[in-house]
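# Task: produce atomic coordinates for the following.
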Amino acid sequence: MKITSYLLFILCVTVSLCSCLDVKKESSEETNSIQDFVKVRVKDEYSISVPKVMQKTTALNSDASLQYQNIHKEIYTIVIDESKQEFLDTLEELGYKEKYHIGLYRDIQLKRLASRMNITHQSDFKPMMISGLKAESVELDGKVDNIEDELSYFLTFAEGNDKIYMIMSWTLKHRKQEHKNTLLKIVKSFELID
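Next up, the predicted model:
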């Protein structure tokens with residue numbers, strides 16, 4: 001009887017270990033597959049690389065010129081581009097006396113976001129260069145109405161000659177570390193087409 005119990009115990013442990021190895025293998029494959037990117041050209045104006053596991057959509061933001069998502073991995077990316085001159089004209093109409101700089105555009109966009117969500121964490125602003133463009137980035141965590149989980153956003157604001165760009169990627173906060181490198185690679189791949 002003891003031998004049968006012992007053999008049954010060994011069998012259970014073996015099955016458990018095998019299933020853990022399969023989960024580990026599947027997780028590793030998932031991580032590697034998200035590293036495969038494809039370059040997307042938008043309006044012969046700019047290009048950006050997105051993971052092959054993301055699909056094009058039109059449901060994320062009606063103002064966005066690029067929208068990609070993977071609802072299973074919970075990763076999303078949009079690009080909003082605006083005419084720099086129209087932005088300056090609007091500022092002038094609103095009575096802004098401050099001279100334009102990318103930080104002003106960033107501040108206005110962040111105020112718009114804050115009006116639609118409860119921001120629970122905001123990183124410091126980081127100046128950067130993306131393909132020769134002056135840019136700034138910031139990370140936010142926040143709660144949006146009608147979404148149970150908190151979200152993490154990676155925002156980058158880049159300045160071209162004629163346009164200003166906001167590159168916004170997000171995921172669920174509890175998956176932030178899992179997807180952070182991928183979402184940052186998307187941003188760093190942004191470049192204008194000459």
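# neighbouring contacts of the strand or helix carrying residue 107?
Following DSSP states H and E, one finds residue 107 within helix 102-116. Around helix 102-116, the neighbours that count as contacts under C-beta atoms under 8 Å, 6 or more residues apart in numbering are 87, 91, 96, 98, 119, 122, 125, 134-136, 138, 140, 142, 144, 153, 155, 157-159, 164, 166. (Each C-beta comes from the backbone N, C-alpha and C, glycine too.)
# Partner strands of the helix or strand where residue 81 lies, with direction?
Using DSSP H and E, the secondary-structure element containing residue 81 is strand 75-83. Each strand paired with strand 75-83, and its direction, by DSSP bridges: strand 66-70 (antiparallel), strand 163-172 (antiparallel).
# As a markdown table, the ones you listed with distance to residue 60, mean pLDDT and mean neighbour count would be great.
As requested, the strands paired with strand 75-83 are exported to a markdown table (distance: least, C-beta to C-beta, whole Å; pLDDT from 0 to 100; neighbours: other C-beta atoms under 10 Å):
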| stretch | distance to residue 60 | mean pLDDT | mean neighbour count |
| --- | --- | --- | --- |
| strand 66-70 | 5 | 97 | 21 |
| strand 163-172 | 9 | 97 | 22 |
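# Out of those, which is closest to residue 191?
Distance to residue 191, taken as C-beta to C-beta, is lowest for strand 163-172 among these, at 10.7 Å.
# residues making contact with the following helix or strand past that closest one?
Scanning forward in sequence from strand 163-172, with DSSP H and E defining helices and strands, the next element found is helix 176-188. Here helix 176-188 makes contact (C-beta under 8 Å, 6+ apart) with 34-35, 37, 48-51, 73-75, 77, 130, 137, 141, 152, 154, 156, 167, 169-171.
# Tell me the buried residues in helix 176-188?
Judged by neighbour count using 16 or more other C-beta atoms under 10 Å, the buried positions of helix 176-188 are 176, 178, 179, 182, 183, 185, 186, 187, 188.
# Just put these in TSV and tack on pLDDT.
Rendered in TSV, the data for these read as follows (pLDDT from 0 to 100):
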residue	pLDDT
176	96
178	95
179	95
182	94
183	94
185	95
186	96
187	95
188	95
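# Just the local confidence number for the closest residue to residue 96 other than its chain neighbours, please.
Using C-beta to C-beta, 6 or more residues apart in numbering and skipping the chain neighbours, the partner closest in space to residue 96 is residue 104 (7.8 Å). At residue 104, the model reports a pLDDT of 87.
# One more: residue 1?
According to the predicted model, the pLDDT of residue 1 comes to 45.
# looking at this protein, which helix or strand is least sure?
The least trusted helix or strand in the chain, going by mean pLDDT, DSSP states H and E, turns out to be helix 2-33, with a mean of 39.
# which of the residues in the longest strand seen in the chain are buried?
Of all the elements of type strand in the chain, the one with the most residues (DSSP state E) is strand 133-144. Neighbour counts using 16+ other C-beta under 10 Å place 133, 135, 136, 137, 138, 139, 140, 141, 142 of strand 133-144 among the buried residues.
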